[in-house]
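J.: compute the structure for the input listed below.
(chains A, B and C)
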Amino acid sequence: MTENKKTTIVLFSGDYDKAMAAYIIANGAAAYDHEVTIFHTFWGLNALRKDEDIKVQKGFMEKMFGKMMPKGADKMGLSKMNFAGMGPKMIKSVMKKHNALSLPSLIDMAQEQDVKLVACTMTMDLLGLQKEELLDSIDYAGVAAYLGDAEEGNVNLFI
Amino acid sequence: MTENKKTTIVLFSGDYDKAMAAYIIANGAAAYDHEVTIFHTFWGLNALRKDEDIKVQKGFMEKMFGKMMPKGADKMGLSKMNFAGMGPKMIKSVMKKHNALSLPSLIDMAQEQDVKLVACTMTMDLLGLQKEELLDSIDYAGVAAYLGDAEEGNVNLFI
Amino acid sequence: MTENKKTTIVLFSGDYDKAMAAYIIANGAAAYDHEVTIFHTFWGLNALRKDEDIKVQKGFMEKMFGKMMPKGADKMGLSKMNFAGMGPKMIKSVMKKHNALSLPSLIDMAQEQDVKLVACTMTMDLLGLQKEELLDSIDYAGVAAYLGDAEEGNVNLFI
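T.: As a prediction, the model looks like this:
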């Protein structure tokens, strides 16, 4: 019995293009039988948000963060050349033309391939995000669980 | 005798939130008995600056950089939603409410846990930062020393 | 016979300073006999662009991207304190004063040291970049080849 290789990615960034890169690497690694974990922290949590309005009780600051941050993968901006939202439109139009998968489709594919999607509970708390607002069937954990995965990892990335 | 695991982080970024992520991972790894090194290069050096004015001899360009860059961890901005300084205030207020440690406290804790804090001498030179301006009891090294640590590392991250 | 250590860097960023950090680490690792690969994806592809105008057939969107993105390493901006182009000028002037190598020289040195420079074919397609527009004697590959290198790597970084 040989053990599977492990790929562990911290997704810190809330940019559409960086999240795409993370999910493309994750899906590739899963296709090569790696055990893959994406640990979503800080702005990376936005990739896991549902795109609908969820009614939850929040304090004032948490409401502000909730309003200002993108609601889900499809609403995220680019790290470069965002041009007030024009950049993402251009990228998405080019992606469609080249039959490349959109970020939401890459996330679906990752879930189908059993990539473990983890939301960092400490930063959920800070940004006032609640479980009801995030995708179903994801995991919740802290930095200790991340380190447990990463210290055995073949490929560790911070994106 | 078993050898300790190693975590080596390059902190390139001068953003408050990214530095927080780096120091949270570093402190977590140190708590699990990893040997941890944070190699501060480029804007990441600002996390190590003292927050007082230090009198040192500098050329014109070096003085400009010194004035434009944040003086210490507490003055750093956010990578996203900085809103001309409003973002850091919001995050810090939320952190206080949730009893999360501030970045300066995370740096103190790292020093207490013997995390090795290294300042990259090549970029200190470029940005005109001098030892007098940085925190006491840190190390100074170049890319060769970083690679020596990283090539034995279990967890290597570039933040 | 001992095997060489491996360093594999994903260069996602199109920032002058981040690309410098990537190439400094890569050149250092090559000097220590690592097998080094830099996998250029998304905006990182701009570091490989020739700085001349190359006549190629492109669609409208691809032409737009081509015009908006920097033509080669020397035209790239800074991740912080870009100040509409003033930042890169300051950094380059300080680098000259300190006899530090410019980014184009660091790329030349990497090629002389047999660092494998790879352009990600999927993102070339998305951004409409063609082989004629990129430096000579580089490699072309996708995420599978990257993972093949990275899973054996001692140092894996995403920059």
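
J.: and the next element down the chain from the helix or strand harbouring residue A:28?
T.: With secondary structure defined by DSSP states H and E, residue A:28 is part of helix A:16-31. Where DSSP H and E defines the elements, the next helix or strand beyond helix A:16-31 is strand A:35-40.

J.: any idea how far that following strand is from the middle of the chain?
T.: Strand A:35-40 has its C-alpha centroid displaced from the chain centroid by 9 Å (Cα atoms, centre = their mean, to the nearest Å).

J.: chain A: strands as residue ranges?
T.: A:6-11, A:35-40, A:116-120, A:139-141, A:155-158 (DSSP state E).

J.: thinking again about what came up before, would you mark the buried spots in the helix holding residue A:28?
T.: For helix A:16-31, burial by neighbour count (16 or more other Cβ atoms under 10 Å in any protein chain shown) applies to A:16-30. No exception for glycine: its C-beta is placed from N, CA and C like everyone else's.

J.: which positions in chain A make contact with chain C?
T.: Selection of chain A residues close to chain C by Cβ under 8 Å from any Cβ of the partner chain yields A:5, A:7, A:17-18, A:21, A:24-25, A:28-29, A:32, A:34, A:79-81, A:90-91, A:93-95, A:97-98, A:100, A:154-159.

J.: how about a cut-off of 6 Å?
T.: Proximity of chain A to chain C (Cβ under 6 Å from any Cβ of the partner chain) is limited to residues A:5, A:17, A:21, A:24, A:28-29, A:32, A:80-81, A:94, A:98, A:154-155, A:157, A:159.

J.: which parts of stretch A:72-85 are buried?
T.: Buried, per 16+ other Cβ under 10 Å, within stretch A:72-85: A:72-81.

J.: typed the wrong thing, it's stretch A:56-76
T.: Of the residues in stretch A:56-76, those buried under the neighbour-count criterion (16+ other Cβ under 10 Å) are A:61-62, A:64-66, A:69-76.

J.: what residues does that stretch touch?
T.: The contact list for stretch A:56-76 (Cβ atoms under 6 Å, 6 or more residues apart in numbering or on different chains) reads A:14, A:16, A:46-47, A:49, A:51, A:103-104, A:107, A:127-128, A:130, A:132, B:81, B:94.

J.: between the buried residues of helix A:16-31, which sits nearest residue A:85?
T.: Using Cβ to Cβ, residue A:16 comes nearest to residue A:85 of the buried residues of helix A:16-31, at 10.7 Å.

J.: quick check, pLDDT for the nearest residue to that closest one once chain neighbours are set aside.
T.: Spatially, and ignoring its direct neighbours in sequence, residue A:16 is nearest to residue A:76 (4.1 Å; Cβ to Cβ, 6 or more residues apart in numbering or on different chains). We have a pLDDT of 95 for residue A:76.

J.: got phi/psi on residue A:76?
T.: For residue A:76, the backbone dihedrals are phi -80, psi 150 (criterion: degrees, to the nearest 10).

J.: contacting residues for residue A:157?
T.: Neighbouring residues of residue A:157 by Cβ under 6 Å, 6+ apart: A:9, C:158.

J.: many thanks, we can stop here.
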